[in-house]
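>>> Structure, please.
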Amino acid sequence: MNQPLTQHPAIATYEKATNGIPDCFDHLTATQISECAQTAAQDRPWTTPASEAAKFITGHFGMLDTWHDALDELDSELRAHVVAGGLPDDQVLYLQLAALALFSATESLRIAVCEHHYGLSGPKLSADYGHAYPLSNSALSPFGATAGAR
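Just a heads-up that it's a prediction; the model follows:
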């Protein structure tokens with residue numbers, strides 16, 4: 001009998017490798033980048049808010065790399081033991097949800113960086129609607145699913 005997915009050693013390794021990283025991208029905004037950069041520059045007067053913002057952004061892209069590497073390792077480990085029939089459905093779903101979380105975090109960072117540097121202009125995907133475009137009466141996703149009416 002197969003062990004529950006949550007007890008799979010590869011899942012435990014993945015969750016340990018990514019522990020705390022997804023939380024760093026929850027509700028990430030340009031304001032958060034600016035505030036962290038201002039605070040860091042005040043604490044370190046030999047630096048500037050711009051250089052501290054660059055460190056913040058670079059650090060977050062580094063966390064995305066760590067997250068991606070952990071997901072790649074998880075995928076490889078799960079697929080290393082596949083026999084005829086492919087991955088079990090629960091493993092496929094776990095990988096898909098992990099990839100969606102990584103995508104969401106990546107897009108949140110990109111949006112925050114663009115807004116930090118260039119302000120608020122142009123249409124914006126909203127993380128609140130699963131990275132769909134908020135419209136007057138609904139939200140539309142570029143991934144085919146339509147969010148419900150608002």
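
>>> Name the residues of stretch 71-82 that are buried.
By neighbour count with 16 or more other C-beta atoms under 10 Å, stretch 71-82 contains the buried residues 71, 74-75, 78. Where you see a C-beta, it was placed from the backbone N, CA and C, and this is true even at glycine.

>>> Equivalent analysis for stretch 80-95, please.
Applying 16+ other C-beta under 10 Å to stretch 80-95 flags 91, 94-95 as buried.

>>> can you put the residues you listed in JSON lines and add secondary structure?
Shown next, in JSON lines, are the buried residues of stretch 80-95 (DSSP: H, G, I helix; E, B strand; the rest coil):
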{"residue": "91", "secondary structure": "helix"}
{"residue": "94", "secondary structure": "helix"}
{"residue": "95", "secondary structure": "helix"}
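
>>> When you compare pLDDT across the residues you listed, which one is lowest?
Sorting those by pLDDT puts residue 91 at the bottom of the list (91).

>>> From residue 58, how far out is that one?
33 Å (C-beta to C-beta, to the nearest Å).

>>> Looking at the buried residues of stretch 71-82, which are in strands?
Assignment to strands by DSSP state E places none of the buried residues of stretch 71-82 there.

>>> Just the ones of those in helices?
Counting by DSSP state H, the part of those found in helices is 71, 74-75, 78.

>>> JSON lines please, covering these and showing distance to residue 14.
Listed next are these as JSON lines, based on distance: C-beta to C-beta, whole Å:
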{"residue": "71", "distance to residue 14": "7"}
{"residue": "74", "distance to residue 14": "4"}
{"residue": "75", "distance to residue 14": "9"}
{"residue": "78", "distance to residue 14": "9"}
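
>>> Considering the residues you listed, which member attains the minimum pLDDT?
Confidence-wise, residue 78 trails the rest of those, at 91.

>>> isn't it right up against residue 86?
No - judged on C-beta atoms under 8 Å, residue 78 makes no contact with residue 86 at a distance of 10.5 Å.

>>> Start from the N-terminal end of this protein and give the helices.
9-17, 30-43, 49-80, 89-118.

>>> can the ones you listed go into TSV with extra columns for distance to residue 143?
Listed next are the helices of the chain as TSV, based on distance: least, C-beta to C-beta, whole Å:
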stretch	distance to residue 143
helix 9-17	23
helix 30-43	24
helix 49-80	18
helix 89-118	9
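
>>> Can you say which of the ones you listed is nearest to residue 132?
Taking C-beta to C-beta, helix 89-118 is the member of those nearest to residue 132, at 11.3 Å.
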